[in-house]
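# Here's a sequence, model it:
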Amino acid sequence: MAAREIGPVLQKVREVLLGRKHMNNLRFPPVMATRDWDTVPANLPPGPSHLLSANGYYTRDGRRDVHPPTVLADGAKALESGDAVPAVLTKSRAPGRVFAYSEQHAGDP
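Residues are numbered from 1 along each chain as shown. This next block holds a predicted model:
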């Protein structure tokens, strides 16, 4: 099957005008990838449906193996009440003067 293409002289003119080689974006069998999945079987890892014994109709669906989430914390250890004496808070130091942008004074322009 021949690809749709113009003559060689017009191809050269088109390359000069485009400044590059023209890429035909139509799909023709000689330029398409081969379909080898018909001849080569897929290499898939075994799943829950690959077990042949006791593989009933309702158990073939792998989505049925999903279980409820496991509990990571049951709430036995709660936060403390806050009656303890807090540690001494130190004022953090800023790297230079802090300018309060939201405060406006009458003397400001």
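# Correct me if wrong: residue 14 contacts residue 6.
Yes: using CB atoms under 8 Å, residue 14 makes contact with residue 6 at a distance of 7.3 Å. All C-beta atoms are positioned from the backbone trio N, CA, C, and that covers glycine.
# who's more crowded, the two?
residue 14 (13 against 10; other CB atoms under 10 Å).
# Pull the contacting residues for the more buried one.
Residue 14 makes contact with 6, 22, according to CB atoms under 8 Å, 6 or more residues apart in numbering.
# Listing request: residues of the protein with sub-threshold pLDDT.
Scanning the chain for pLDDT under 70 picks out 1-2, 48-62, 77-80, 82, 84-87, 89, 94, 108-109.
# Could I get the full set of helices for it?
For the chain, the helices defined by DSSP state H cover 8-18.
# residue furthest from the geometric center of it?
In the chain, residue 107 marks the outermost C-alpha relative to the chain mean, sitting 54.1 Å out by CA atoms, centre = their mean.
# who touches stretch 22-33?
Residues contacting stretch 22-33 (CB under 8 Å, 6+ apart): 1, 3-5, 11, 14-15.
# what about 6 Å?
Residues lying outside stretch 22-33 but in contact with it, judged by CB atoms under 6 Å, 6 or more residues apart in numbering, are 3, 14.
# Any idea how far apart the tips of that stretch sit?
Taking CA to CA, to the nearest Å, stretch 22-33 runs 20 Å from one end to the other.
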